[in-house]
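> no sequence on hand, only this structure:
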C-alpha cells in the first residue's frame, strides 16, 4: 500500500492538491467499479510480462471489466506530469513512465497524458489479437479509441489474465506537449 500511497501523495503535492483519492477500495486492490465493489480483477505476476491483472471471477462477454473514468488520472499538461515524475523515487518514476500513455477523449480533442495510480495500470497487452479479451467501447458498445470503459470481448475464466491491445490508444507524447517540454529544458 505504501508504494501506491507515495504516488497518490506526490500527485496531490505537485499536480492537484484538491484532487480527492477517497475510493473505499485501496489502490492495491484497484478501485470501486460500481455499487457492488471493485473491478473484477486482481494483480499478480504474469509469466514473461511482469505484473498483470487477472480475473477474480468468471466474466461474461459484454461485461464491463474496467472503467477508466473511475481509475485514470489526466494530467493538466506536460509540465505537471514532469513535476509528478520528479517528485517520485527513481524506481517508482521508472514504473510510472512505463505506465503512462496518451489519449484523446473525443475526435479532434487534445492529446492528454494519462495514468492510473492503482493496479488498473498493470493491464498487459496480448501477444496476438486473439489473446486480447477486453476492448474500449463507447456507449453504443462499438470500439472507440476515445472510450475509457473496457468490455470483455469474450468470456474470461476466473484467474485468466485480462489483456488489452496497447494500440487501442495511439500514444503520442509529442502531441501531448512532452517533446517540446524536453527540448525547452535542453535549451534552457
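Looks like it arrived, so ask away. All values reported here derive from a predicted model rather than from experimental measurement. Numbers count the residues shown, from 1 in each chain.
> and the least confident helix or strand in the chain by mean pLDDT, what does it pack against?
The weakest-scoring helix or strand in the chain, judged by mean pLDDT, DSSP states H and E, is helix 178-187 (a mean of 77). If you count contacts as 3 or more Cβ pairs under 8 Å, 6 or more residues apart in numbering; DSSP states H and E, helix 178-187 packs onto helix 78-87. For the C-beta atoms, the positions are set from N, CA and C on the backbone; glycine is no exception.
> which residues sit against the helix it packs on?
Residues from elsewhere that reach helix 78-87, judged by Cβ atoms under 8 Å, 6 or more residues apart in numbering: 10-11, 13-16, 75, 93, 96-97, 100, 113, 173, 176-178, 180-181.
> tell me the helix or strand right after the lengthiest helix in the chain.
In the chain, with assignment by DSSP state H, the single longest helix is helix 2-14. Once the chain leaves helix 2-14, the next helix or strand it forms, by DSSP states H and E, is strand 32-34.
> roughly how far out does that following strand sit from the chain middle?
Relative to its chain's centre, strand 32-34 lies at 15 Å (Cα atoms, centre = their mean, to the nearest Å).
> helices or strands up against that strand?
If contacts are counted by 3+ Cβ pairs under 8 Å, 6+ apart, strand 32-34 sits against strand 64-67.
> buried sites along the strand it packs on?
64, 65, 66, 67 (16 or more other Cβ atoms under 10 Å).
> okay if I get those residues as JSON lines plus pLDDT and distance to residue 3?
Shown next, in JSON lines, are these (pLDDT from 0 to 100; distance: Cβ to Cβ, whole Å):
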{"residue": "64", "pLDDT": "94", "distance to residue 3": "27"}
{"residue": "65", "pLDDT": "95", "distance to residue 3": "24"}
{"residue": "66", "pLDDT": "94", "distance to residue 3": "20"}
{"residue": "67", "pLDDT": "93", "distance to residue 3": "23"}
